[in-house]
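Asks: Sequence first, then the predicted structure, then my questions.
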Amino acid sequence: MSTISVLIIMYLYVKLPEATSDTAKPVMVWIHGGGFYIGSANTDCYGPDHLIREDVVIVTLNYRLGALGFLSTGDSVIPGNNGLKDQVMALRWVQQNIAQFGGDPGNVTIFGESAGAACVHYHILSPMSEGLFHRAIIQSGCVLSHWAFDDPSVARRKAFRYAEALGCHTSDSKELLEFLMKVPAKELTDAMEPSLTEEEKHPVPLCFVPTKEFSRNGEETFLPDSPTNILTQGKFHKVPIIIGVTSNEGMFVMKDIAQHPSWYEALSKRFRVPVPHNFRIEENTAKYEELAARIKEFYFGTEPFSKDTWPKFADLYSDFWFVSGITQTIRKQVAVASIPIYFYCFAFDGNFGLYDMELGSNRLPGACHGAELGYLFQMTIAAERGLQLNEDGLRVRSQIVKLWTNFAKSGNPTPKAEPLLGVTWTPATDSQLNYLNIDNKLSMEKNFVKARMEFWDKIYESFEIFQ
């Protein structure tokens, strides 16, 4: 007797403003993050109360995660990207049904953070998503973030290593598919982390991520080429974009260092970098050692690893995991398309970010990865911990909500002068990456972490990355 696992995951939430009118309202569709393996659209984390006060309709959605959402055999048998295709299904639902909730299907903004931001960016690249949205907000993640894409050969290697963790020893894609279809969903989920190498488990255990697809039996293909090729060739949807980072993205690594000090100690003895698969550099080669040496020299010099070097380690992960990929993205897109791209840095050093609530004494100065989420959304966890915003925090919350909803309404975050904002946000250009610094005061700045980005530009050029 066979066992069939039934998964009910495709919940979609619609939240409306209290005041109603006959005018169709702008729609904002939120895609949650979580490394493509955890997370949900649960309103305990992403309560839309602040946003709907600005007269927009908010949609949040779930999608398949982990092996169920992103495992690929690197061929047409299991092409991958199921989680992204779930999102396409949700966006199509919005087009067909949101008018019944007072939303405007002709004015849809998709937005997300971390892996959710990368998903948003993937929709800009995907032929399956054409016409399903009109603007995009990309928060702390993109398709050029090294953790957001696996070459098909890497995806295949991960898939069969995962199969071995489940007790299936094969090199045939069809045999693997037949085996996986008989495994209960919980076992599929539980086997993901054990299939990773020790290095792959840190600082977060990313297992399966988006990949280039190979068409199967005439089915629609979500990602027909690598992100780098699609961006370079300009084959993406030309929509206005807000994209940015926090001022200390890499602070999130402090949680893993505190929980797994042996990882940091091992790095101090032999500095290793988790080389992105799109670098196409094999470990334990002269090229790899050169890359590791250059990175260590730039960030640490000859200083031994200790708690005193934690801030430098955070800088490395800020740049390596988030900032450099986003600045590369901006340059590539403005070079081939005349669409406005609004670059920002969320620098407000408050206490409402997700990691702010977890790091405790390991917290560093600045705004950690995900810090802006506590200001965009109503989070139950903040209320449970008795956290309250001070005057500065309340102002920052009002400002970021206004900027995001202005953009959703018009495609311009500062369409007119407003006392609350006191600034005009100008788009980035191919010659100048202007950015809005979101702190106690909003201000336009330029040359974001200039020396660090110049270092990464040289690394990408030397090792022929993103070319």
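Replies: That came through fine.

Asks: Phi, psi for Glu178 please.
Replies: Phi and psi for Glu178, reported as degrees, to the nearest 10, are phi -60, psi -40.

Asks: what's the span of stretch 166-186, first residue to last?
Replies: End-to-end span of stretch 166-186 (C-alpha to C-alpha, to the nearest Å): 12 Å.

Asks: I'd like the average pLDDT over it.
Replies: Mean per-residue pLDDT for stretch 166-186: 96.

Asks: Please state the offset of that stretch from the chain centre?
Replies: Centroid separation for stretch 166-186 versus its chain: 29 Å, with C-alpha atoms, centre = their mean, to the nearest Å.

Asks: quick one: buried residues of that stretch?
Replies: Judged by neighbour count using 16 or more other C-beta atoms under 10 Å, the buried positions of stretch 166-186 are Leu166, Cys168, Ser173, Leu176, Phe179, Leu180, Val183. Where you see a C-beta, it was placed from the backbone N, CA and C, and this is true even at glycine.

Asks: what's the answer for stretch 224-232, then?
Replies: For stretch 224-232, burial by neighbour count (16+ other C-beta under 10 Å) applies to Pro224, Ser226, Pro227, Thr228, Ile230, Leu231.

Asks: ok, back up a step: looking at the buried residues of stretch 166-186, which is nearest Asn362?
Replies: Within the buried residues of stretch 166-186, proximity to Asn362 (C-beta to C-beta) peaks at Leu166, which comes in at 35.1 Å.

Asks: I'd guessed that closest one sits against Lys186; true?
Replies: No. Using C-beta atoms under 8 Å, Leu166 makes no contact with Lys186, being 11.9 Å away.

Asks: worst-scoring helix or strand of this protein, pLDDT-wise?
Replies: In the chain, no helix or strand scores lower on mean pLDDT, DSSP states H and E than helix 356-359, which sits at a mean of 73.

Asks: Can I get that one as CSV, trimmed to CA atoms?
Replies: Once non-C-alpha atoms are left out, helix 356-359 reads as follows in CSV (Å, rounded to 0.1, in the frame of the first residue of the first chain):
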residue,chain,number,x,y,z
ASP,A,356,18.4,42.9,16.7
MET,A,357,16.0,40.8,18.8
GLU,A,358,18.3,37.8,18.7
LEU,A,359,21.9,39.0,18.8
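
Asks: Name the residues that touch it?
Replies: Residues from elsewhere that reach helix 356-359 (C-beta atoms under 8 Å, 6 or more residues apart in numbering): 251, 254-255, 350-351, 363, 368, 371, 374, 381-382, 385, 387.

Asks: His237 belongs to a strand, doesn't it?
Replies: No. Using DSSP: H, G, I helix; E, B strand; the rest coil, the secondary structure at His237 is coil, not a strand.

Asks: Name the nearest residue to it, sequence neighbours excluded.
Replies: Using C-beta to C-beta, 6 or more residues apart in numbering and skipping residues adjacent in sequence, the residue nearest His237 is Ile124, 5.2 Å away.

Asks: so who does that neighbour touch?
Replies: Neighbours of Ile124 in contact, by C-beta under 8 Å, 6+ apart: Ala136, Phe236, His237, Val239, Ile241.

Asks: could you dump the residues you listed to JSON lines with distance to Val401 and neighbour count?
Replies: Below are the contacts of Ile124 laid out as JSON lines (distance: C-beta to C-beta, whole Å; neighbours: other C-beta atoms under 10 Å):
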{"residue": "Ala136", "distance to Val401": "18", "neighbour count": "24"}
{"residue": "Phe236", "distance to Val401": "28", "neighbour count": "23"}
{"residue": "His237", "distance to Val401": "26", "neighbour count": "18"}
{"residue": "Val239", "distance to Val401": "21", "neighbour count": "17"}
{"residue": "Ile241", "distance to Val401": "18", "neighbour count": "26"}
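
Asks: pLDDT of the host helix or strand of Met89, averaged?
Replies: Assigned by DSSP states H and E, Met89 falls within helix 82-97. Average pLDDT, helix 82-97: 98.

Asks: circling back to that earlier point, what about the contacts of helix 356-359, which are in helices?
Replies: Judged by DSSP state H, the contacts of helix 356-359 include Met254, Lys255, Gly374, Ile381, Ala382 as members of helices.

Asks: for the stretch 201-350 of the chain, what spans make up the strands?
Replies: 241-246, 341-346 (DSSP state E, counting those that start in this stretch).

Asks: May I have the strands that pair with the first one, each with its orientation?
Replies: Next to strand 241-246 in the sheet, as set by DSSP bridges, lie strand 135-139 (parallel), strand 341-346 (parallel).

Asks: Next SSE downstream of the first one?
Replies: This points to strand 135-139. Per DSSP H and E, the first helix or strand lying C-terminal to strand 135-139 is helix 152-165.

Asks: So which of the strands paired with strand 241-246 is the most surrounded?
Replies: When these are scored by mean count of other C-beta atoms under 10 Å, the highest mean neighbour count falls to strand 135-139 (a mean of 25).

Asks: For that one, give the mean pLDDT please.
Replies: Mean predicted lDDT for strand 135-139 stands at 99.

Asks: Which residues outside it are in contact with it?
Replies: 108-114, 116-117, 120-121, 123-124, 239-244, 326, 372, 404, 407-408, 411.

Asks: sorry, back to before: in TSV, list the strands of the stretch 201-350 of the chain along with distance to Arg395.
Replies: Shown next, in TSV, are those (distance: least, C-beta to C-beta, whole Å):
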stretch	distance to Arg395
strand 241-246	18
strand 341-346	14
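
Asks: Can you lay out the ones you listed as CSV showing mean pLDDT and distance to Pro203?
Replies: Formatted as CSV, those follow (pLDDT from 0 to 100; distance: least, C-beta to C-beta, whole Å):
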stretch, mean pLDDT, distance to Pro203
strand 241-246, 98, 16
strand 341-346, 98, 20
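
Asks: right, so of these, which gets closest to Thr60?
Replies: Of the strands of the stretch 201-350 of the chain, the one closest to Thr60 (C-beta to C-beta) turns out to be strand 241-246, at 18.3 Å.

Asks: Can you check what angle separates the biggest strand by length in the chain from helix 82-97?
Replies: Counting by DSSP state E, the longest strand found in the chain is strand 103-113. Put simply, strand 103-113 runs at 160 degrees to helix 82-97, going by axes from the mean of the first three to the mean of the last three C-alpha atoms, to 10 degrees.
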